[in-house]
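Student: predicted model follows, preceded by the sequence.
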Amino acid sequence: MPYLLLEDIARRDFTSGTSTYERHLDERLDGTPKPWTIAAGWAETGDMIRVFSDRLGIVPLFVSHQGDRFVVASSLRECARHVSHLEFDFDALAVFLRLGYFLGADTPFTQIKVVSPNTEIHVSAGSVHFEQKSNFPKPSMIGYSRASVAAHYCDLLESAIFVRRLERRLGLPLTGGRDSRHLLLAMNARNVLPDVAVTCGRLGEFDPDVLVARQLADLYGVPHVTNVPAPPFSVRRERDKNANTSYLTDEHQWVPDVSDELKRQRVQLVFDGIGGDVLSNGLMFTESLLAAFRKGDGVAVADRLMAGRTKELPHLSERLQLSLSWERAKERIRREAAKFYERPNPVLSFIFENRTRREIALAPVCLLDKFEVAMPYLDEDIVAFLQALPAEDYGRPGFHDETIAARYPASLAVPYGGKLAKGARLLDRNRTEAGAYWTLVVAATKNGIGSATFCVPRLASLVATGRAQAEWWWIQQLAYMADLERLRMGD
């Protein structure tokens, strides 16, 4: 993986790696000299190294600055290779093991950070200088009717469709939700339909997403394919996903299967709905969470965000349980929440700039990297417009529904999909995975990561019943922490 290492900033007497690296995503045809909506990387020019993140920070770049030594890399593993004496960032990991994503610039290790959004780092003449441009949204559309705001939203999204390079074979991952539906409707309004819609069906043809997506595709004459992912609860697939996403997410194990299906369908440009519901339909919004932000009560923000999450981590060793405490996670969230108190919609901005940026974006950026990917909801004018809408008027769930219903009433013939029913039988292969689970537990308990008193009897029960669905959360976390320990030790 690409990296650039400067052994001595002051003397610049040894540099290794790739002197220039740029990652471009999401090309627009709007006549601008730099048509990419997302661009990040680094360049060594003369006596200076310039590192630059994209405006949203969705392309992860990893940096470490220790004394006179500086390294930047496109993956956590590559960056870790060039950092000595790695230490776990227990504050960051305490949050990750509860929420499933990292906050701000955090990574699993204290010596490594990701570059923040819209930031440049200049390394020259013995100095490292960080410069971040403000993305702070100002309230907008105050005094306009909801109908006018919804119409403007639709206009922006339809325009965003039309400025992509559409002469290629187009694919749309279609679910039963709002984001991909709105993309399909906006494409139809511009007379540019996808060549194929692909839906991931964890329950096969009877998955709620599949049933709704197929009806919607049929309504607009779009060929539809159901992708039944490989059985979940696989340690190997989880570890592969972790490595490919730089150990930054507990989600996305199903995405490589959808990627393979899109490749079989010869898709060249994928339209991804990332950002839609968090920006316009109140994803994770509650009145109590908004109230906590408005009061500047970061502890209450942490309590609301972690409500219902796993407080104890009994599958980990006692040493790790103490280091990864619930209180430690709350304190890290409290510090991050303070950055968002003055935002027009602090709930939206916190979730978008942390969960969406640090976790959800890894699917199109890291796991759909075989394709060109269009992410219209992340266009600069759409993000600025939706982030600036005041939470008291537009924060609650439902605005995206209103928007779609007003502009595209014909689509209401197809209902939205629901969540998997509680207790739904996922297509799994738990007994065939039992050997991998035992191997993981034995190795993790030997190296001080796992707790034998918890893991062994729980795993024995799992093997006896053949069901991993209720147990996967701790197996997943055990695999994650075991891999991080190997990475920390230089393996």
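Tutor: All right, it came through fine.
Student: quick one, what contacts residue 400?
Tutor: 178, 182, 276-277, 280-281 (Cβ atoms under 8 Å, 6 or more residues apart in numbering). All C-beta atoms are positioned from the backbone trio N, CA, C, and that covers glycine.
Student: change it to 10 Å
Tutor: 150, 153, 177-179, 181-182, 276-277, 279-283, 386, 394 (Cβ atoms under 10 Å, 6 or more residues apart in numbering).
Student: buried ones among those?
Tutor: 150, 153, 177-179, 181-182, 276-277, 279-283, 386, 394 (16 or more other Cβ atoms under 10 Å).
Student: average pLDDT across stretch 313-329?
Tutor: Mean per-residue pLDDT for stretch 313-329: 97.
Student: same deal with stretch 380-396?
Tutor: Stretch 380-396 comes out at a mean pLDDT of 94.
Student: may I have that stretch as CSV, with CA atoms only?
Tutor: Extracted C-alpha coordinates of stretch 380-396, given in CSV (Å, rounded to 0.1, in the frame of the first residue of the first chain):
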residue,chain,number,x,y,z
GLU,A,380,-20.8,20.1,-1.8
ASP,A,381,-24.0,22.1,-2.4
ILE,A,382,-26.3,19.3,-1.1
VAL,A,383,-24.2,18.7,2.1
ALA,A,384,-24.1,22.4,2.8
PHE,A,385,-27.8,22.9,2.2
LEU,A,386,-29.0,20.0,4.4
GLN,A,387,-26.5,20.6,7.2
ALA,A,388,-27.7,24.2,7.5
LEU,A,389,-31.4,23.3,8.1
PRO,A,390,-32.3,24.0,11.7
ALA,A,391,-32.8,20.9,13.8
GLU,A,392,-36.0,22.2,15.4
ASP,A,393,-37.7,22.3,12.0
TYR,A,394,-36.0,19.5,10.0
GLY,A,395,-34.2,17.2,12.5
ARG,A,396,-36.9,14.7,13.2
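Student: give the buried residues for it.
Tutor: So for stretch 380-396, counting by 16+ other Cβ under 10 Å, buried means 382-383, 385-389, 391, 393-395.
Student: can you check stretch 78-97 too?
Tutor: 78-80, 82-83, 86, 88-97.
Student: now do stretch 257-277
Tutor: 257-259, 261-262, 265, 267, 269-277.
Student: which of these fall in helices?
Tutor: Of the buried residues of stretch 257-277, the ones assigned to helices by DSSP state H are 257-259, 261-262, 276-277.
Student: let me know the closest of these to residue 15.
Tutor: Relative to residue 15, the closest of these is residue 259; by Cβ to Cβ it sits at 34.9 Å.
Student: report the separation between the nearest residue to that closest one once chain neighbours are set aside and residue 169.
Tutor: Using Cβ to Cβ, 6 or more residues apart in numbering and skipping the chain neighbours, the partner closest in space to residue 259 is residue 368 (5.6 Å). Going from residue 368 to residue 169 by Cβ to Cβ, to the nearest Å gives 15 Å.
Student: over to residue 339?
Tutor: Where residue 169 is concerned, residue 339 sits at a distance of 42 Å (Cβ to Cβ).
Student: for residue 245, same thing?
Tutor: 26 Å.
Student: so these two - more neighbours on which side?
Tutor: Neighbour totals were compared for residue 245 and residue 169, and residue 245 leads with 23 against 13 (other Cβ atoms under 10 Å).
Student: what residues of the strand or helix carrying residue 27 count as buried?
Tutor: Using DSSP states H and E, residue 27 maps to strand 20-27. Neighbour-count burial for strand 20-27 flags 21, 23-27 (criterion: 16+ other Cβ under 10 Å).
Student: next secondary structure element downstream of it?
Tutor: That would be, after strand 20-27 and using DSSP H and E, strand 36-45.
Student: quick one, that next one and strand 20-27 angle?
Tutor: 170 degrees (axes from the mean of the first three to the mean of the last three Cα atoms, to 10 degrees).
Student: which helix or strand lies directly C-terminal to strand 36-45?
Tutor: strand 48-52.
Student: pull up the pairing partners for that following strand, direction included.
Tutor: strand 36-45 (antiparallel), strand 119-124 (antiparallel) (DSSP bridges).
Student: would you mark the buried spots in that strand?
Tutor: Going by 16+ other Cβ under 10 Å, strand 48-52 has these buried residues: 49, 51-52.
Student: list the contacts of that strand.
Tutor: By Cβ under 10 Å, 6+ apart, strand 48-52 touches 4, 6, 9, 12, 15, 19-22, 39-44, 61, 63, 70, 72, 115, 118-125, 128-131.
Student: burial of the residue nearest to residue 254 when sequence neighbours are not counted, as a residue count?
Tutor: In this structure, residue 254 finds its nearest non-sequential neighbour in residue 229, 4.4 Å apart by Cβ to Cβ, 6+ apart. Using other Cβ under 10 Å, residue 229 is surrounded by 19 other residues.
Student: one more: residue 228?
Tutor: Residue 228 has 18 nearby residues by other Cβ under 10 Å.
Student: right, and residue 318 touches residue 451 too?
Tutor: Yes: the pair residue 318 / residue 451 is scored as a contact, 7.2 Å apart, by Cβ atoms under 10 Å.
Student: more neighbours: which of the two?
Tutor: residue 451 (22 against 11).
Student: show me what contacts the more buried one?
Tutor: 313-318, 320-321, 441, 444-445, 458, 474, 478.
Student: residue 266 now?
Tutor: Per Cβ under 10 Å, 6+ apart, neighbours of residue 266: 168-169, 171, 195-196.
Student: how near is it to residue 170?
Tutor: 11 Å.
Student: go on, residue 262?
Tutor: For residue 262, the distance to residue 170 - Cβ to Cβ - is 10 Å.
Student: before I go, just wanted to say thanks for your time.
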